[in-house]
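Chemist: Provided below are the primary sequence and the corresponding predicted coordinates.
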Amino acid sequence: MKSRKPLFLAAALLLSAGVVQAEPIVFGTTPNLQTAPVVVAAEKGYFDEEGVEVEFVNFTSGRAALEAIIGGQLDMGFMAEYPVAVAALNEQEFRVVAGLSKYAANRIISKASVGFETVHDLEGKRVGTTVGSNAAYFAELVLGNAGVNAEIVNVAPPDIVPALARGDIDAGVMFPDFYPAAAEALGDDYREQLSSDYIANFVLAASPAMVDERAADVEAFLRALVKAESFIEENPSEAQAILSQATQGALTPEAVAGKWSEAEYAIVLDETLVELLLSQAQWVVEGGILSGDLSREKLLSYFATDALESVDPDRVSLD
């Protein structure tokens, strides 16, 4: 693979060799397993090919990226679906333009020393998670589906692994970025259970102005991602190497390869995303986190499907 300067430095510009739009798309993201199509599209020159200039700004939090879109600091950004449900309940101004990837390896982490083998072993135990997050949504969903009555303990994201190691909690439901740290901290005592009860959907959101006034740029951006999706499917080893390089050492090639099967890449807008957002919105309201009501019709008003339908109408299936 030819040498290039590291991608995704804050405010780094990708200049097209051809005709580009009058101003770049300011895009909030970070290179990780979920954003592989964006990373590949940048490295392989697909944005250039589509005549779109992209200014990448590093955002490690999807929630922060969505807030920046709403506040006018970003044109587009990447995030998990949960901030979208919250923003829709708050009637904030944004649009979902495409799904990017899905993550199907969410897990509950505990210890052999507390007798953990399955989620049923958490009856009456303390489960640490971050209340008001999609991790907490996952925790309550898994426990509820299993009929397990456990105590939910609110713990900040970086504190879950230390709390679990100390024994302050019996299990932890954390963001996937913390799984390696948990395995390292717990060593031979580490135990986990994967669950498909919650499959995280990662999406691309844009400002209404971006959708309304720069529709051709959004379409070009999505065309580049569709090319990247095909490349990832046909050249997984090279795509993994590209992603590892983009993280500048944060993810080794071996780590990327080990995680690769946990993600699914598809530039689509589908019914599973709609159902998940409605479920999360209901959970938020029932939990007293926010008030309001998010109907299907109201939720769909936050979807801007024209650009993706122009790229490929079969990629939009909102029945």
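Modeler: That came through, no problem.

Chemist: Pass me the low-pLDDT residue ranges in this protein, would you?
Modeler: Along the chain, the model assigns pLDDT under 70 to residues 1-22.

Chemist: mind listing the strands in it by residue range?
Modeler: For the chain, applying DSSP state E gives strands covering 12-14, 25-29, 54-58, 76-80, 95-103, 107-111, 126-129, 151-154, 171-172, 190-194, 200-206, 263-265, 269-270, 316-317.

Chemist: Mind listing the strands the third one pairs with, and their directions?
Modeler: Taking DSSP bridges as the criterion, strand 54-58 sits next to strand 12-14 (antiparallel), strand 25-29 (parallel) in its sheet.

Chemist: can you give me how far it is from the chain middle?
Modeler: Chain-centre distance of strand 54-58: 17 Å, with CA atoms, centre = their mean, to the nearest Å.

Chemist: That strand to strand 76-80, inter-axis angle?
Modeler: Interaxial angle, strand 54-58 versus strand 76-80 (axes from the mean of the first three to the mean of the last three CA atoms, to 10 degrees): 40 degrees.

Chemist: how about strand 54-58: buried residues?
Modeler: Neighbour counts over strand 54-58 (16 or more other CB atoms under 10 Å) mark Val54, Glu55, Phe56, Val57 as buried. To be clear about C-beta, it is placed using only N, CA and C from the backbone, and glycine gets the same treatment.

Chemist: Quick one: closest of the strands of the chain to Leu225.
Modeler: Nearest of those to Leu225, taken as CB to CB: strand 95-103 at 7.3 Å.

Chemist: Kindly list the longest helix within this structure.
Modeler: Selection of the longest helix in the chain by residue count, based on DSSP state H, yields helix 215-234.

Chemist: helices and strands around that helix, which ones?
Modeler: Helix 215-234 is packed against helix 36-43, helix 46-49, strand 95-103, helix 208-213, helix 236-246, strand 263-265, helix 306-311, with contacts defined by 3 or more CB pairs under 8 Å, 6 or more residues apart in numbering; DSSP states H and E.

Chemist: which strands and helices sit next to the longest one?
Modeler: Using 3+ CB pairs under 8 Å, 6+ apart, the elements in contact with helix 236-246 are helix 36-43, helix 215-234, helix 253-259.

Chemist: what's the most buried one of those helices?
Modeler: Scoring those by mean neighbour count under mean count of other CB atoms under 10 Å gives helix 36-43 as the most buried, with a mean of 27.

Chemist: Extract the CA atoms of that helix and return them as PDB.
Modeler: As requested, the backbone C-alpha atoms of helix 36-43 are provided in PDB (Å, rounded to 0.1, in the frame of the first residue of the first chain):
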ATOM      1  CA  ALA A  36     -14.500   1.800   7.800                       C
ATOM      2  CA  PRO A  37     -16.400   2.900   4.700                       C
ATOM      3  CA  VAL A  38     -15.500   6.500   5.300                       C
ATOM      4  CA  VAL A  39     -11.900   5.700   5.900                       C
ATOM      5  CA  VAL A  40     -11.700   3.500   2.800                       C
ATOM      6  CA  ALA A  41     -13.400   6.100   0.600                       C
ATOM      7  CA  ALA A  42     -10.900   8.700   1.700                       C
ATOM      8  CA  GLU A  43      -7.800   6.500   1.200                       C
END
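
Chemist: Which neighbouring elements make contact with it?
Modeler: Using 3+ CB pairs under 8 Å, 6+ apart, helix 36-43 sits against strand 95-103, helix 215-234, helix 236-246, strand 263-265.

Chemist: Need the contact partners of that helix.
Modeler: 4, 7-8, 14, 27, 29, 31, 46-47, 54, 56, 78, 100-101, 224-225, 227-229, 231-232, 239, 242-243, 245-246, 263, 265, 267 (CB atoms under 8 Å, 6 or more residues apart in numbering).
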